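sequence plus the predicted model coming up.
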Amino acid sequence: MGHAKKDAVFQPLSIAVLTVSDTRTAETDTSGDTLHSALESSGHRLHERAIRPDCIYQLRAEVSRWIADPAVHIVLVTGGTGFTYRDTTPEALTPLFDKSIDGYGELFRQISYTEIGTSTIQSRAVAGVANRTVIFTMPGSPKACRTAWDKVISEQLDARHRPCNFVEMVMPEVDTACASRS
């Protein structure tokens, strides 16, 4: 892990996972399984997991419930980020953001380009912060979930990562102030 601070302590976060799909079930949700496994392997806790259809209002309702819950630090959303008529995750969630994390989508697509080439332009992965809860969206394939987690999200959810991470924002009682960039 680049920029790790030697005396920083890992802080397990409480993470909710939402799969956006009209067809997946608990038995067939391989993308949700991928995220669940990755977050627990990293030492975080699964708060709750849900599957909702591609419906703007159901997505907003579920994520709003988690944003309002102080026990939820992070929301991971897989699916609904493409360009089909039913792909509405960005439209559903960006109005909930207090602040957008533009760099997430940019970085995800940059990394994804090395894996899938120009098809990455069809990913509308977005992220933002709402009520001190960080929300990351990603495409609905297990490979895309693994890319997002391994190459972007996991370091940002680790208090030891420097110069900055999101732990201080979602757990203000934890001293993880960003190191100087000078």
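Arrived safely, thanks for sending. Here the structure is a predicted model, which means the values were calculated and not measured.

ok now stretch 120-130, how far from the chain's centre?
10 Å (CA atoms, centre = their mean, to the nearest Å).

so which bits of it are buried?
Buried positions in stretch 120-130, judged by neighbour count with 16 or more other CB atoms under 10 Å: 120, 123-130. In this view, the C-beta of every residue, glycine as well, is placed from N, C-alpha and C.

just stretch 136-156 next, same as before
Applying 16+ other CB under 10 Å to stretch 136-156 flags 136-140, 142, 144-149, 151-156 as buried.

restricted to helices, list these.
Of these, the ones assigned to helices by DSSP state H are 142, 144-148, 154-156.

save those as CSV, and put in pLDDT too.
Shown next, in CSV, are these (pLDDT from 0 to 100):
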residue, pLDDT
P142, 97
A144, 96
C145, 98
R146, 98
T147, 97
A148, 98
S154, 97
E155, 96
Q156, 96
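
center of this protein, which residue is that?
F136 (2.7 Å; CA atoms, centre = their mean).

all helices for this protein, in order.
30-41, 56-68, 89-93, 102-116, 142-148, 154-156, 167-170.

show me what the second one is packed against.
Looking back up the chat, that one is helix 56-68. Secondary-structure packing of helix 56-68 (3 or more CB pairs under 8 Å, 6 or more residues apart in numbering; DSSP states H and E): strand 14-20, strand 45-52, strand 74-78, helix 89-93, strand 133-138.

just put these in CSV and tack on distance to V63 and mean pLDDT.
What follows is the helices and strands packed on helix 56-68, written out as CSV (distance: least, CB to CB, whole Å; pLDDT from 0 to 100):
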stretch, distance to V63, mean pLDDT
strand 14-20, 7, 98
strand 45-52, 9, 98
strand 74-78, 6, 98
helix 89-93, 6, 97
strand 133-138, 7, 98
